[in-house]
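[1] sequence first, predicted coordinates after that:
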Amino acid sequence: MNIYIRNSAGQDLLNPKKTGSFTSYSVNDMFGTKDVSPVSIPLKITSDSLYYMEYLGGAKRIRMDSISPDNPGTGTSYFSRMQITFVKSTNASDNVTGTLEIQYRNTPTLFQVSKVLYDGTAVFSKTADQPNSINVVTITK
């Protein structure tokens, strides 16, 4: 899953060379086995110089529901929840913290991201019949 962070004017906030952007970030698994359970989400860059975070996995998944006896093809749903802290400067009060929740759908033939929420607001959703490819999520700060 590719996660882009932009402001309302469309500026790439992950490009540390741009004024007003974040200089770094950290991610903590809210369901981790310890209070501090870091999740590695590397920073990548597109061919046209847009920065994004590439989430491939690593946070613990919690079951939301299970296979319904009335509809066995629906599968099981899971979710992960992570706290992301975006750093702007050495002053901790400049940091911006948010919660990223990723919901997954798992059937006998498919495992895919079905919905992504940032601070409780949906920023991505996919219906069950859409192709399982790279998911692009854009969060506006």
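    Perfect, I can see it now. Since we're looking at a predicted model, the values are computed, not measured.
[2] tell me which residue is most central in the chain.
    By C-alpha atoms, centre = their mean, the mean C-alpha position of the chain lies nearest to Leu100, the distance being 5.2 Å.
[3] pretty sure Thr76 contacts Ile62?
    No - here Thr76 lies out of contact with Ile62, judged by C-beta atoms under 8 Å, at a distance of 11.1 Å. Where you see a C-beta, it was placed from the backbone N, CA and C, and this is true even at glycine.
[4] could you check which of the two is surrounded by more residues?
    Neighbours around Thr76 and Ile62, counted as other C-beta atoms under 10 Å, are more numerous at Thr76. The numbers are 16 against 12.
[5] the more buried one bridge partners, please.
    Taking DSSP bridges, one obtains Asn106 as the residues bridged to Thr76.
[6] go on, Tyr4?
    Beta-bridge pairing of Tyr4, defined through DSSP bridges, involves Thr138.
[7] roughly how far apart are it and Thr33?
    30 Å (C-beta to C-beta, to the nearest Å).
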